[in-house]
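**Q** Kindly generate the corresponding structure for this input.
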Amino acid sequence: MSRPVRQRALPAAPARDDPFLQHPLHEEIEQERYWGGVLGVRDPYYRVREALPEGQARLDGRVMRNFASYDYLGLNRHPEVLAAAAEAASRWGISAGGSRMTSGERPVHGALERELAAFTGAEAAAVFVSGHATAISVILTLMGPRDLVVHDALAHNCLVLGADSSRAARLAFRHNDLDHLEEILRRSRHLHDKVLIVSEGLFSMSGDGPDLRALLRIKQRHDAWLMMDEAHALGVLGATGRGIAEHAGIDPREVEVWFGTLSKSLVGCGGYVAGSRALVDIMRARAPGLVFSVGMPPPVAAASLAALGVLRREPARVARLRANSRRLLEGVRALGLDAGTAWGEGIVPVILGEVPATLHAAQTLEEAGICTFPVLPPGVPEGTARLRFFASADHAPADIDAALAALAELTG
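**A** Purely as a prediction, here's the structure:
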């Protein structure tokens, strides 16, 4: 009988300083924590929230009205969505198990892509496991060093990184200032081969969008392509939630590239690109976020597919969202607060300006049972720190009125 082998403890690693403690970014974070303590405000980041039905959330054990979630249509706990995710997990497991190009393709991926293409009015669509990576992949795949990307100054980080990753020249035009865009193109178009104009259907920090018809005229005059980010517009804009094309009354085929995410109205995760069949062929063969990444988990794809089905059948959810958004926006402005140029479509900012005042306001609202979130520079320009309210189809008028009453108490 062999004797058991005695395990010897490994020697402790020699003590040494963590090199990242001196990293400029870590020092910056420590400064932010220090000043938060001085100001007496709680760190708002990475706090655990539990989403509940009917536009509520549980935070630190308290149930409150939730204006911090972009579950615009209230589908996150819809029985059909939950059942679709559970059935897909039972059938295919959780992970796709590989890149879709190799071993990770599942029937639900193609079904979701076909439904997205049909809903957005495109010939074809492709879904990616990450929304952020979708935008980066699309732009760096289509553009190169001899090209130009011109984007709205408030474009999302993923769009800016996509342009930089492509090695194309990158220029920004003032937010929704299409005269400035035209000026840039008159000055620069002839210096580049391909030009991509990038804007958003609904801007997440300002709650407004561009004049899409005017954008189309500009891109046609300057022989450019147009890419629209529909992350917050899908399910929100238009009578049936088809986004800014429906909102503006234009044929979606006039836009070369539609990009969006599945994490807002469609309560999943990941992103999509929609457009011509040739565009999607290029993405499926060359886009790194699709080719070199695992496929979307089948239960997530199934959940978004089910959510899209509910959206198709129940456009009244879009109408409820719009009514709640308008009620909130009108109430904010009636209080004399600055909501900027918001349209009253899902997102209502309350611009307070200074960071300390915004942090204190968010904390005070939380104490009053209103869950919202402070947005600070560099997420928005200096001097424009704000509270961002997301309306939902799940909110009742009483929820909106409670938020307005809390704001009135805060600012009175």
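
**Q** Any regions of the stretch 301-412 of the chain where pLDDT drops low?
**A** Applying pLDDT under 70 to the stretch 301-412 of the chain flags no residue at all.

**Q** Would you map the helices across it?
**A** Counting by DSSP state H, counting those that start in this stretch, the stretch 301-412 of the chain has helices at residues 316-334, 355-367, 397-411.

**Q** and the closest residue to Asp399 other than its chain neighbours, what is it in contact with?
**A** Excluding its sequence neighbours, the residue lying closest to Asp399 (C-beta to C-beta, 6 or more residues apart in numbering) is Arg65, at 4.9 Å. Placement of C-beta: from N, CA and C, glycine included. By C-beta atoms under 8 Å, 6 or more residues apart in numbering, the residues touching Arg65 are 55-57, 369-371, 395, 399, 402-403.

**Q** Check Asp71 too.
**A** 51, 264-265, 267, 392, 394.

**Q** Can you tell me which of the residues you listed has the most neighbours?
**A** Using other C-beta atoms under 10 Å as the neighbour test, those are led by Ser265, with 32 neighbours.

**Q** I'd like the distance between the residue nearest to Asp399 and Pro349.
**A** Distance from Arg65 to Pro349, counting by C-beta to C-beta, to the nearest Å: 18 Å.

**Q** Could you do Met101 as well?
**A** 41 Å.

**Q** So the two - more neighbours on which side?
**A** Remark: of Met101 and Pro349, Pro349 carries more neighbours, 26 against 14, as counted by other C-beta under 10 Å.

**Q** Which strand or helix spans Ala214?
**A** In the assignment (DSSP states H and E), Ala214 maps to helix 212-221.

**Q** which secondary structure elements does that helix contact?
**A** Where contact means 3 or more C-beta pairs under 8 Å, 6 or more residues apart in numbering; DSSP states H and E, helix 212-221 is packed against helix 178-188, strand 195-200, strand 225-229, helix 244-248.

**Q** and of those, who's closest to His78?
**A** helix 244-248 (22.4 Å; C-beta to C-beta).

**Q** Remind me what that closest one packs against, helices and strands.
**A** Helix 244-248 sits against helix 212-221, with contacts defined as 3+ C-beta pairs under 8 Å, 6+ apart.

**Q** what is the mean pLDDT for the helix it packs on?
**A** Taken as a whole, helix 212-221 has a mean pLDDT of 98.

**Q** still on that earlier bit, could you check how far the residue nearest to Asp399 is from Ala391?
**A** 11 Å.

**Q** try Pro356
**A** Applying C-beta to C-beta, the value for Pro356 to Ala391 is 27 Å.

**Q** More neighbours: which of those two?
**A** Comparing Pro356 with Ala391 by other C-beta under 10 Å, the one with more neighbours is Ala391, at 30 against 15.

**Q** Verify the stated contact: the more buried one with Val348.
**A** Yes: counting by C-beta atoms under 8 Å, Ala391 touches Val348, with 6.6 Å between them.

**Q** what sits in contact with each of the two?
**A** Common contacts of Ala391 and Val348 (C-beta under 8 Å, 6+ apart): 325, 328.

**Q** List the contacts of stretch 397-412.
**A** 55, 65, 67, 324, 327-328, 331-332, 335-337, 350, 361, 364-365, 368-370, 372, 389, 391.

**Q** Just the buried residues of the residues you listed.
**A** 55, 65, 67, 324, 327-328, 331-332, 335, 337, 350, 361, 365, 368, 370, 372, 389, 391 (16 or more other C-beta atoms under 10 Å).

**Q** Would you state the strands of the stretch 251-400 of the chain in chain order?
**A** 257-261, 271-275, 347-353, 370-371, 373-375, 385-390 (DSSP state E, counting those that start in this stretch).

**Q** Can I get those in TSV including distance to Ala231?
**A** What follows is those, written out as TSV (distance: least, C-beta to C-beta, whole Å):
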stretch	distance to Ala231
strand 257-261	4
strand 271-275	8
strand 347-353	11
strand 370-371	21
strand 373-375	16
strand 385-390	13
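
**Q** Go through these and name the closest to Thr141.
**A** Nearest of the strands of the stretch 251-400 of the chain (C-beta to C-beta): strand 271-275, 9.6 Å.

**Q** Who are the packing partners of that closest one?
**A** Strand 271-275 packs on helix 107-120, strand 124-128, helix 131-142, strand 257-261, helix 277-286, going by 3+ C-beta pairs under 8 Å, 6+ apart.

**Q** Contacts for the fourth one next, please.
**A** With contact meaning C-beta under 8 Å, 6+ apart, strand 257-261 is reached by 120, 122, 131, 134-135, 138, 142, 196, 225-231, 233-234, 243, 252, 270-275, 279.

**Q** Centre of the chain to stretch 95-102, how far?
**A** Put simply, stretch 95-102 sits 24 Å off its chain's centre (C-alpha atoms, centre = their mean, to the nearest Å).

**Q** and Val150, how many neighbours?
**A** There are 28 residues near Val150, going by other C-beta under 10 Å.

**Q** Can you name the next helix or strand after the host helix or strand of it?
**A** Element membership for Val150, per DSSP H and E: strand 148-152. Per DSSP H and E, the first helix or strand lying C-terminal to strand 148-152 is helix 157-166.

**Q** Just list what the helix or strand following that next one packs against, helices and strands only.
**A** Later in the chain than helix 157-166, the nearest helix or strand by DSSP H and E is strand 169-173. Here strand 169-173 touches strand 148-152, helix 157-166, helix 178-188, going by 3+ C-beta pairs under 8 Å, 6+ apart.

**Q** List of residues touching the first one?
**A** Contacting residues not belonging to strand 148-152 are listed as 139, 143, 159-160, 162-163, 166, 168-173, 175-176, 181, 184-185, 188-189, 191-192, 194-200, 203, 210, 224 [C-beta under 8 Å, 6+ apart].

**Q** Check the last one too.
**A** Contacts to helix 178-188, defined as C-beta under 8 Å, 6+ apart, come from residues 148, 150, 169, 171, 173-174, 195, 197, 210-211, 214-215, 218, 221-222, 224.

**Q** three-state assignment of Glu50?
**A** Three-state call for Glu50 (DSSP: H, G, I helix; E, B strand; the rest coil): strand.

**Q** and it, what are its bridge partners?
**A** Beta-bridge pairing of Glu50 under DSSP bridges involves Arg58.

**Q** Can you give me the pLDDT of it?
**A** 88.

**Q** which residues touch it?
**A** Taking C-beta under 8 Å, 6+ apart as the test, what Glu50 contacts is 57-59.
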